[in-house]
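S.K.: need a structure here:
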Amino acid sequence: MRLSVGTKALSIVVHFPICPSSDTMTASVKKPFLTLEDLKMCFSLFCCVYGIGTLGMPGNYARAGYGWATVALVLMAAINIYATWCISKVMMVAPRSIRTFGDLGEWSMGCFGRWITNIAQMLVCVMVPIMFLVLGGTIFTIMFPSSFKETTWIIIMGLTLLPVCLIPTLKEGAGAAAAGALGTILADGIALGLLVHNMNEANDGLSPPHPDLSFKQVTTVFGNLALAYGAGIVVPTLQREHSDETRMPRIIVVTLTVVSVFFLIVSITGVSVTGCQIPGNLLFAISGTKLGFQADNGGVILSMMSMQLHITIAFAVVMFPAFFIAERIFLGLHKTVIDRSEPAVYNDLETPADLPEKTSALEPIEYPSHDAASDYAAPGVYLKAAIIRIIMIIIAVVIAIAWKDHFGDLLDFVGASSTSLSCMILPIIFYLKTFWKTIRPLEKAGALFAIIICIALAIYVSINTGKVLFGSSSDGPKFPYCAPEYQNMVYTNRTYYNITK
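M.R.: Residues are numbered from 1 along each chain as shown. As a prediction, the model looks like this:
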């Protein structure tokens, strides 16, 4: 502002505060630690992780004891959280067209990456449903002891799930995932309540026996823990649905940490009253009289029904990716079209083409819809696809019948062989290949150490559990993880052990 007085000019400079721009105001507003959208993602991720892997958590402590089992749980939690975090970091720099785990494999390592990722995912999507069939057959024989044999129930389960699996596409939602997770939480909670109540009535003044530790028992814990944390393959899809992908690493760390706390609670609660004598499956600990008590039948049935709810929902959801991969290989459906001159753009069932770029961190990403059902519109295509799906389900039923007496070994084998590859080893490899030049040496060393440990344990556990699955079965002691004096009789039997109150 200028004022003129006579022939002289008097200059007066007035400073006004600068009005902040909208961008500056937006940046200055600090977001909460977890937004409502973040919490929705946390819930979806929790629902994907918290499943049948929880049933073997107390058994891990029965095998390895409090010390080694806790070390294994913390180590596996750290590796899995890091591996899942690696997927999120790679997704941030990948083209917007990369939306699934298979897409990420090809973008990171070319055609080989796509194939190794699909093979690993195929194994998970086939082997896990086999476990569902085995567990479901056992649950039905427990709930209806005077009806069919376990083999018949497995066949019936395959038939009843067939109509759902023959639907051309399955768009699972948060509601189904929530029901599945709630079923697992209820099953675990009821089973632990029955176990603690009944064991505390019988073990007054007694201390649960400790495991007879061996290298094989400690390392086998790896298989169950690897299966329990198998969430990596769903992260790409969840991340692309978030409006601010930079928040996904925090979501992953928080959610998997909470899940790890749940795992620890289930483990400690179950093993605290049984020691090394708890069965490898928490549900089997409350059924029958193996631990010297007869639990309330209503509570047992309620726990079994809750787990059966999870199995019914999860079977079709987990199996569908395997159907689509098989249809791509054998029928040529859901083809992948890649233009090497541009960032990878996939035109298949998993990844629609021509994806728009994200315009704002606060603006939701809109993807063009892809009608997967149109792939089956040609005459005779759906019939061929249905035949392939039926054959796959028949194979799963046959394998489930063959392995129905080895649920614990099957659980460890699947976790060590396929889940560890797809959810731990491959994600870290993708991350190292993408960011090798910018990663600090200490992080490189830790990542390489995690890969080596996972590969070594995966091979060792797969071989040992595979010998049981593919070899001849033989009846062992009731409590194989204990010292010889506790292998055939529950420790609360005071008469057998000549113990008086």
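
S.K.: Contacts only, for Leu291.
M.R.: Leu291 makes contact with Leu195, Asn198, Met199, Thr274, Gln277, Ile278, Ala285, Val490, Thr492, according to Cβ atoms under 8 Å, 6 or more residues apart in numbering. Using the backbone N, CA and C atoms, a C-beta is placed for each residue, glycine as well.

S.K.: Name the nearest of those residues relative to Asp212.
M.R.: The closest of the contacts of Leu291 to Asp212 turns out to be Gln277 (Cβ to Cβ; 11.7 Å).

S.K.: any idea what the closest residue to that closest one other than its chain neighbours is structurally, helix, strand or coil?
M.R.: Excluding the flanking residues, the one nearest Gln277 by Cβ to Cβ, 6 or more residues apart in numbering is Phe479, at 4.4 Å. For Phe479, the assignment made with DSSP: H, G, I helix; E, B strand; the rest coil gives coil.

S.K.: Equivalent analysis for Pro145, please.
M.R.: Under three-state DSSP, Pro145 falls in the coil class.

S.K.: where does the chain have its least confident helix or strand?
M.R.: strand 8-11 (a mean of 41; mean pLDDT, DSSP states H and E).

S.K.: Now the most centrally placed residue in the chain, what are its backbone angles?
M.R.: By Cα atoms, centre = their mean, the chain has its centre lying nearest to Gly230, at 2.9 Å. Phi and psi for Gly230, reported as degrees, to the nearest 10, are phi -70, psi 80.

S.K.: go on, Pro211?
M.R.: Torsion angles, degrees, to the nearest 10, at Pro211: phi -70, psi 150.

S.K.: residues touching it, list them.
M.R.: Per Cβ under 8 Å, 6+ apart, neighbours of Pro211: Ala62, Arg63, Ala64, Gly65, Gln217, Gly275, Cys276, Tyr481, Cys482.

S.K.: quick one: the helices in the stretch 301-450 of the chain?
M.R.: Counting by DSSP state H, counting those that start in this stretch, the stretch 301-450 of the chain has helices at residues 381-402, 407-414, 420, 426-435, 441-470.

S.K.: between those helices, which gets nearest to Trp85?
M.R.: helix 426-435 (8.5 Å).

S.K.: what helices or strands is that closest one leaning on?
M.R.: helix 57-93, helix 101-143, helix 441-470 (3 or more Cβ pairs under 8 Å, 6 or more residues apart in numbering; DSSP states H and E).

S.K.: Which of those sits closest to Ile394?
M.R.: helix 101-143 (11.4 Å).

S.K.: model confidence over the closest one, on average?
M.R.: Helix 101-143 carries an average pLDDT of 86.

S.K.: roughly how far out does it sit from the chain middle?
M.R.: 10 Å (Cα atoms, centre = their mean, to the nearest Å).

S.K.: Taking helix 57-93 as reference, get the angle to that helix.
M.R.: In terms of direction (axes from the mean of the first three to the mean of the last three Cα atoms, to 10 degrees), helix 101-143 departs from helix 57-93 by 160 degrees.

S.K.: For the helix or strand where Ile268 lies, buried residues please.
M.R.: Using DSSP states H and E, the element containing Ile268 is helix 248-272. Within helix 248-272, the residues that qualify as buried by neighbour count (16 or more other Cβ atoms under 10 Å) are 248-252, 254-256, 259-260, 262-264, 266-267, 269-272.
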